[in-house]
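> Build the 3D model from these lines:
(2 chains)
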Amino acid sequence: MTAWRGLLWKDTRLILPWFLGGLALILLFDVWVTLTVDSPNARFGLSLFPLFSHFFYYPLYLMITLRVEGKQMHQWLHNPHPAWQLLLSKTGIGFPLMVFSLGVSGLYPSFVLITHDFFQIHSVLDPVSLWMDVGSFLIGIVGYSLNLGIILLLLWSIYRWLHTWWGKWTWVPLAGGFIAILYGFSQIMKTALYDTLFRWGATWPQFHSIPESQPSAPGLYTGELLLNMLLLALFFFLSGRILDRRMEV
Amino acid sequence: MYGWLMMVRKDFRLGLPWLWTGSLFIVCGHLSVAWLLEGQEQLLATLYLLFSHLLFFGLYLILTLSAEAQQLHQWLHVPRPAWQLLLSKIWCALLAATLTFVLSSLYPFSLLVDGIGWVTGLERFFTAYLHLTWFALRFGLILMLIFVLQTVFSFGKGKDWILGLSLLLLILFVPSVSSWILPVGWGGWPDWVQLFEQGAALPLSTLAIGGDGLLMGACFTASSWLLEKRTEV
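Next up, the predicted model:
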């Protein structure tokens, strides 16, 4: 356990400059917007950009940290821990960093929202509902980012595995395979069987702060959420397995 | 001129893996949106990829400059003035940003073209391109100056990061101060809702372009001078 904690600490130190650089970039953007944009509405809209960018935070974080390890793969895999623990250390560190960075990006838009009588100007908005929507939205960003990150982790593992045979052309079958699987999954999602199996436990109605935009269909189903978590766990352990058994360094 | 074009070619080839990765990411993103989302969500998600070009130019520029920084002695050994080295990087980043913008526009354009027509659609996307590129250039050149400052003074390796941060704030403060002194409309931001739903975007004023141009020129000149005269490899 202590050794794994050491691994966590090593991974934290490895990503720290990038993490601090990301925070500096967010602050830079916010200061830039404050100094150059006069209208509070435009300022609010633009300050949401770092927040939206967190869709890509987790995959970008994983790519950077794995790229660093990829340069010294033999050293990384020489670690006596199983591959899933190595990956767990990477994925585990990324999550709190993403949440923290998301929190920092949310500070400035919240400040603009509160200080410029936003709710008086836009009287149609209900503050309580809006903050609930913001909460749902932030959870949505974290969820999408995690999904994208774990999918990229699996793709990276497969890439490293196939690279031995395919060389620089590995991306062609990988991209083709990914697009084919994506298309197959989208087709499965349209079937009645998928509806029966996974579209149950309707939850998460979207955007209740804007009355006229209430959708008739729910945004998320418990069944789909469970399927999603199951797939993520599967992708994670598949990545570990490939790294453990199939990688040649 | 021929030598400089060869350098542009070399720089473009250096950034090609990122360009390919970015393009592949955009294609996969659009396919995911087309196959997994429906209705208004499709348009919003694809426009998000388009807006990401606000930062694309700057990130691409920093990535290619970072690659050169790892072999700075080789890069600066090229018998060309520093401004030509930097201009080549900027040109390649601009080209890459334009290519990915066109790629990112294809899908949202196809979604919007039925409602607004070809001519209006092209006009709006071109206006969006001009605004995004203008902002990206402004932001990217400031990032470039920060990068050069970091390379020259090795910020971050000691306590002098405070000096770096102060300089950074000063650079950010310049446009703000100029907006108080000069009668120019700094940063003529487009009204995005108006741009994509009702009509044309608010135009950038000539004076604003002139003012921004001065700031960008200053950033570029300072970067070139520092790289030429103050860099030790």
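
> Contact partners for the residue nearest in space to the middle of chain A?
Nearest to the mean C-alpha position of chain A, by CA atoms, centre = their mean, lies residue A:145 at 1.4 Å. Residue A:145 is in contact with A:54-59, A:98, counting by CB atoms under 8 Å, 6 or more residues apart in numbering or on different chains. Backbone N, C-alpha and C define where each C-beta goes, glycine included.

> so which of the residues you listed are also by chain B?
residue A:55 (CB under 8 Å from any CB of the partner chain).

> Throw the contacts of residue A:145 into a markdown table and include neighbour count, secondary structure and pLDDT, thanks.
Below are the contacts of residue A:145 laid out as a markdown table (neighbours: other CB atoms under 10 Å in any protein chain shown; DSSP: H, G, I helix; E, B strand; the rest coil; pLDDT from 0 to 100):
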| residue | neighbour count | secondary structure | pLDDT |
| --- | --- | --- | --- |
| A:54 | 22 | helix | 90 |
| A:55 | 20 | helix | 86 |
| A:56 | 17 | helix | 86 |
| A:57 | 24 | helix | 91 |
| A:58 | 25 | helix | 92 |
| A:59 | 23 | helix | 89 |
| A:98 | 22 | helix | 93 |
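
> Mind putting the contacts of residue A:145 into JSON lines with distance to residue A:39?
Compiled in JSON lines, the contacts of residue A:145 are given as follows (distance: CB to CB, whole Å):
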{"residue": "A:54", "distance to residue A:39": "24"}
{"residue": "A:55", "distance to residue A:39": "26"}
{"residue": "A:56", "distance to residue A:39": "27"}
{"residue": "A:57", "distance to residue A:39": "28"}
{"residue": "A:58", "distance to residue A:39": "32"}
{"residue": "A:59", "distance to residue A:39": "33"}
{"residue": "A:98", "distance to residue A:39": "30"}
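
> what comes up buried for the host helix or strand of the residue nearest to the centre of chain A?
Per DSSP states H and E, residue A:145 falls inside helix A:127-166. Going by neighbour count (16 or more other CB atoms under 10 Å in any protein chain shown), the buried part of helix A:127-166 is A:130, A:133-134, A:136, A:138, A:141-142, A:145-163.

> So residue B:215 versus chain A, what's the distance?
10 Å (CB to the nearest CB, to the nearest Å).

> Can you list the residue ranges for strands in chain A?
Counting by DSSP state E, chain A has these strands, from start to end: A:202-203, A:220-221.

> Select from these the stretch with the lowest mean pLDDT.
Note on these: lowest mean pLDDT is at strand A:202-203, with a mean of 69.

> What part of chain B, helix or strand, is modelled with the least confidence?
Lowest mean confidence among the helices and strands of chain B (mean pLDDT, DSSP states H and E): helix B:192-193, at a mean of 44.

> tell me what the helix or strand that it is followed by is packed against?
As assigned by DSSP H and E, the chain's next helix or strand after helix B:192-193 is helix B:206-229. Where contact means 3 or more CB pairs under 8 Å, 6 or more residues apart in numbering or on different chains; DSSP states H and E, helix B:206-229 is packed against helix B:82-116, helix B:118-153, helix B:161-181.

> now the shortest one: mean pLDDT?
Read that as helix B:161-181. Mean predicted confidence for helix B:161-181 is 57.

> in chain A, which ranges drop under the pLDDT threshold?
A:1, A:118-125, A:203-219, A:246-249 (pLDDT under 70).

> Give me every residue in it lying close to chain B.
A:17, A:28, A:31-32, A:35-37, A:39, A:42, A:45-46, A:49, A:52-53, A:55, A:171, A:175, A:178-179, A:182-183, A:185-186, A:189.

> circling back: so which of the helices and strands packed on helix B:206-229 comes closest to chain A?
Chain A lies closest to helix B:161-181 among these, at 3.8 Å (CB to the nearest CB).
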